[in-house]
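1. predicted coordinates and the sequence they were generated for:
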Amino acid sequence: MEKKVIVSEKSPAAIGPYSQAIEYNGLIYTSGVIGVNPATGEVGATIEEQTTQVFENLKGLLADAGSSLDQAIKTTVFIKNMDDFGKVNEIYSTYFTGAFPARSCVEVARLPKDLLIEVEVTAIKDR
C-alpha cells in the first residue's frame, strides 16, 4: 500500500518540507495545524480564537482527506501556556461527538509564527 499526500485549501499550506496530511492504510495523519485562517492569513489574538480556527482548519483538512473529526482516534495538542488548558478543553469538546479520541497535551516553549496552539490528528478514513 502506498502513502497518499493530502493537500487542502481549507487548512494553512505547509510552510516547510512537509505535507499537510498523509493517508496510509486507511488512516489519515495530519501535520500540526495552526490557527491561521487559510483564506485570509489572519490569526486571532486569543487562545479561544486560535483554538477555534485550528479545529475549523482540521475539519476542512480531514474532509478533503475523506474523514472527519468524528473519526479521530488520537490527537496531540501543543499549547504555549498550560494555564489555557481549561479554555482549550472547552472549545475542544465542542468539535467531537461520541467517544473522544485519545489525546496528549503538552506545553511547549514556542510554536510556528509564535502562535498559542497547534494540534495534530490521526483519524480513520471514512469508507
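-> Sure thing, it's come through.

2. what comes into contact with the longest helix anywhere in the chain?
-> The single longest helix within the chain, with elements called by DSSP state H, is helix 47-64. If you take CB atoms under 8 Å, 6 or more residues apart in numbering as the criterion, helix 47-64 is touched by 6-8, 10-12, 20-21, 28, 30, 33-38, 43-44, 68-69, 71-72, 79, 81, 84, 87-88, 91-92, 95, 115-119, 121, 123. (C-beta placed from N, C-alpha, C; glycine too.)

3. which among those residues count as buried?
-> 6, 8, 10-12, 20-21, 28, 30, 33-36, 38, 43-44, 68-69, 71-72, 79, 84, 87-88, 91-92, 95, 115-119, 121, 123 (16 or more other CB atoms under 10 Å).

4. show me where this protein has its helices.
-> Ranges of helices in the chain, per DSSP H, are 47-64, 85-92.

5. deepest of those helices, which one?
-> Each of the helices of the chain was scored by mean neighbour count; the highest is helix 47-64, a mean of 21, by mean count of other CB atoms under 10 Å.

6. what's the angle between that one and helix 85-92?
-> Put simply, helix 47-64 runs at 40 degrees to helix 85-92, going by axes from the mean of the first three to the mean of the last three CA atoms, to 10 degrees.

7. I'd say Gln20 and Lys4 touch.
-> No - Gln20 is beyond contact range of Lys4, at 11.8 Å (criterion: CB atoms under 8 Å).
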